[in-house]
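>>> kindly generate the corresponding structure for this input.
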Amino acid sequence: MQPDDIEQRKAFLAAIIDSSEDAIISKDLNSTIISWNKSAERIFGYTADEAVGRPVYLIIPPDRHQEEGMIISRLARGERVEHFETIRQRKDGKLIHISLTVSPIRNEQGKVVGASKIARDISKQKQDEELIRQYAHRLEQVNYVGKRIAAQLDVPQILQEVTDATRRLCGAAFGAFFYNQVDDKGESYHLFSLSGAPREAFEKMGMPRNTALFRTTFHGERIVRSDDIRRDPLYGKNNPHSGMPEGHLPVVSYLAVPVARSTGEVIGGLFFGHPEPSKFLYEHEQVISAIASQAAVALDNAKLYEEVRILNAKKDDFIGFASHELKTPLTTISGYVQLAKQLSSVPPEILDKIGRQLRRLEDMIGDLLDVSKIQAGKLDLSFNTAVLQNLIRECIDTTEMVTHRLDLLLPEEPLTVRADIVKLTRVLTNLLSNAVKFSPTGSLITLKAESSGEHVRLSVRDEGPGIPAAYTDAIFNRFYRVPGESKPGSGLGLYIARQIIESHKGRIWAESHPGAGAVFLVELPFVKA
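Model (predicted):
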């Protein structure tokens with residue numbers, strides 16, 4: 001290669017190095033800086049004249065000096081260090097996050113004589129990561145408290161949970177929730193929950209006065225956060241009162257967050273205090289504000305729950321009334337269908353279809369009547385001793401099983417139970433009918449009964465699509481249908497089955513994995529013959 005070509009190539013490489021956004025530094029194996037590009041000057045604050053010839057420890061914080069030894073050791077072995085994240089120090093003393101890539105420099109004989117170091121300033125990236133971490137932590141806190149209060153439908157419990165949780169989150173010495181209720185003179189608010197201080201602490205000083213400071217919160221104007229509330233221009237401006245009332249809890253740091261409905265109506269306010277200054281941060285505002293919004297929703301839900309409970313009672317009354325009233329015309333229609341079957345003018349297949357739909361209606365009305373009795377606590381049971389194997393065979397005889405294969409596994413010794421035979425037969429028939437309905441034609445249904453300690457266990461297993469784990473308990477709720485399920489049904493059969501089995505001091509549950517079928521299990525107390 002000609003000398004001019006070499007010089008041209010050197011100039012080209014120098015231009016690339018100088019134009020790089022990353023700091024590009026070379027050093028020898030003694031950690032002495034040999035070259036220093038313009039980005040190195042910008043990132044670390046040292047000019048090339050100030051840096052070249054000096055140890056690279058110039059930009060390494062004392063507590064990280066050992067990192068240089070590790071890097072030199074790896075270079076001496078000819079290894080490359082890639083994307084090593086660490087901290088370095090600028091000329092002004094500021095610490096910055098960087099990502100290092102260090103490559104060995106070899107001489108003509110291949111011996112490692114130094115290193116080329118590329119340093120990228122990732123301080124902004126780290127700041128963003130920290131903000132994301134804080135945001136995620138904040139969301140976790142809000143989510144945790146949200147779940148706690150969402151599970152509550154009792155107003156006092158909700159408010160105490162919120163006050164306790166938010167006081168802990170912001171590190172307040174004490175916290176309180178005041179309802180937005182003012183007396184006839186407009187002078188006080190109603191204290192409901194208190195955290196971090198005994199309620200007796202408020203007895204001597206009474207409720208907070210209707211001052212400008214409190215009005216800001218109870219009018220929902222804004223969040224009030226003060227490093228020293230005594231210096232706030234709104235503090236103590238309520239003649240003839242001035243300053244903090246005698247006997248008041250020592251409040252210096254102050255934080256007040258309105259609790260308002262989505263309509264803007266202010267329900268009340270969360271108030272926090274600490275005897276030391278500058279205890280509350282903007283982050284505390286954000287977290288407590290989010291929880292306050294959830295608290296308002298929870299309080300509304302509690303109110304709605306009470307209203308729904310009343311409406312639900314009325315609905316149950318209506319279901320019972322309607323079910324009884326529907327049975328009369330349905331019985332009449334069934335009679336006319338039987339009469340029509342004796343007339344040759346009506347095609348039998350039509351009458352069969354009508355009959356099937358009538359039986360379906362009768363089953364649905366029967367379910368509704370049972371639900372009405374269950375809700376009213378009037379599910380009358382008549383207990384007798386029965387052999388489970390006999391009940392099972394009776395259920396098989398009354399269930400249409402011609403489209404499926406049945407594997408019946410019953411022990412020879414009688415499995416004796418105390419049961420309402422009619423009600424228990426209905427449960428077993430329901431489980432068998434569901435297995436037929438929810439599994440492919442020709443598939444296997446396995447019905448097994450066995451003794452299990454002090455209990456008798458029955459299981460019905462199918463080869464259907466299965467039930468997602470999230471729904472194996474919910475399917476026993478009233479009117480519940482698995483999302484996306486297209487099979488006909490009222491969603492009452494399993495609810496009634498659970499109520500009947502539990503009234504027999506037993507239990508019923510489902511186990512399933514999607515695509516692997518489902519198994520329904522029933523356990524009843526074993527009765528020795």
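
>>> roughly how far apart are the residue nearest to residue 282 when sequence neighbours are not counted and residue 478?
Spatially, and ignoring its direct neighbours in sequence, residue 282 is nearest to residue 225 (7.6 Å; Cβ to Cβ, 6 or more residues apart in numbering). C-beta coordinates here come from the backbone N, C-alpha and C atoms, glycine included. Per Cβ to Cβ, to the nearest Å, residue 225 is found 47 Å from residue 478.

>>> of the two, who's got more company?
residue 225 (19 against 14; other Cβ atoms under 10 Å).

>>> picking that back up, that's a strand at the residue nearest to residue 282, yeah?
Yes: applying DSSP: H, G, I helix; E, B strand; the rest coil, one finds residue 225 inside a strand.

>>> partner residues bridging it?
residue 255 (DSSP bridges).

>>> do the same with residue 121
Here residue 121, judged by DSSP bridges, has bridge partners residue 98.

>>> one more: residue 195?
The partner residues for residue 195, given DSSP bridges, come to residue 175.

>>> pretty sure it is touching residue 174, no?
Yes: the criterion here is Cβ atoms under 8 Å, and residue 195 meets it with residue 174 at 6.6 Å.

>>> shared neighbours of these two, anything?
Common neighbours of residue 195 and residue 174 (criterion: Cβ atoms under 8 Å, 6 or more residues apart in numbering): residue 167.

>>> so where is the stretch 51-200 of the chain shaky, pLDDT-wise?
Residues of the stretch 51-200 of the chain that meet the criterion pLDDT under 70 lie in 181-189.

>>> would you list every one of the strands in it?
81-89, 95-106, 112-121, 174-179, 190-195 (DSSP state E, counting those that start in this stretch).

>>> next one: the stretch 351-500 of the chain
Using DSSP E, counting those that start in this stretch, strands in the stretch 351-500 of the chain cover 384-387, 405-409, 416-419, 444-452, 455-461.

>>> what is the last one packed up against?
Counting contacts by 3 or more Cβ pairs under 8 Å, 6 or more residues apart in numbering; DSSP states H and E, the secondary-structure elements packed against strand 455-461 are helix 388-398, helix 421-437, strand 444-452, strand 518-525.

>>> residue 126 is nearest to which of the ones you listed?
Nearest of the helices and strands packed on strand 455-461 to residue 126, taken as Cβ to Cβ: strand 518-525 at 50.3 Å.

>>> I'd like the average pLDDT over the closest one.
For strand 518-525, mean pLDDT is 94.

>>> wait, residue 482 sits on residue 472?
No: the pair residue 482 / residue 472 is not scored as a contact, 9.6 Å apart, by Cβ under 8 Å.

>>> show me what contacts the closest residue to residue 398 other than its chain neighbours?
Leaving out its chain neighbours, the residue that sits closest to residue 398 by Cβ to Cβ, 6+ apart is residue 429, at 6.3 Å. Contact analysis of residue 429 by Cβ under 8 Å, 6+ apart lists 395, 398, 399.

>>> ok, now residue 288?
The contact partners of residue 288, taken as Cβ under 8 Å, 6+ apart, are 166, 169, 170, 255, 257, 270, 272.

>>> let's see that with 7 Å instead.
Residues near residue 288 by Cβ atoms under 7 Å, 6 or more residues apart in numbering: 166, 169, 170, 257, 270.

>>> and the residues you listed as a markdown table, adding distance to residue 84 and neighbour count?
Below are the contacts of residue 288 laid out as a markdown table (distance: Cβ to Cβ, whole Å; neighbours: other Cβ atoms under 10 Å):
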| residue | distance to residue 84 | neighbour count |
| --- | --- | --- |
| 166 | 42 | 26 |
| 169 | 37 | 20 |
| 170 | 38 | 23 |
| 257 | 44 | 26 |
| 270 | 46 | 29 |
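
>>> which one of those is nearest to residue 495?
residue 166 (38.8 Å).

>>> which ones are touching the closest one?
Residue 166 neighbours (Cβ under 7 Å, 6+ apart): 175, 270, 288, 291.

>>> if we go to 10 Å?
141, 145, 172, 175, 177, 195, 255, 257, 270, 272, 284, 287-289, 291-292, 295 (Cβ atoms under 10 Å, 6 or more residues apart in numbering).

>>> same check, this time on residue 151
157, 158, 161, 298.

>>> sorry, back to before: keep only those of the contacts of residue 288 that are in helices.
The members of the contacts of residue 288 that map onto helices under DSSP state H are 166, 169, 170.

>>> residues contacting the last one?
Read it as residue 170. By Cβ under 10 Å, 6+ apart, the neighbours of residue 170 are 225, 253, 255, 257, 270, 272, 274, 279-281, 283-285, 287-288.

>>> ok, now with 8 Å
255, 272, 279, 280, 284, 287, 288.
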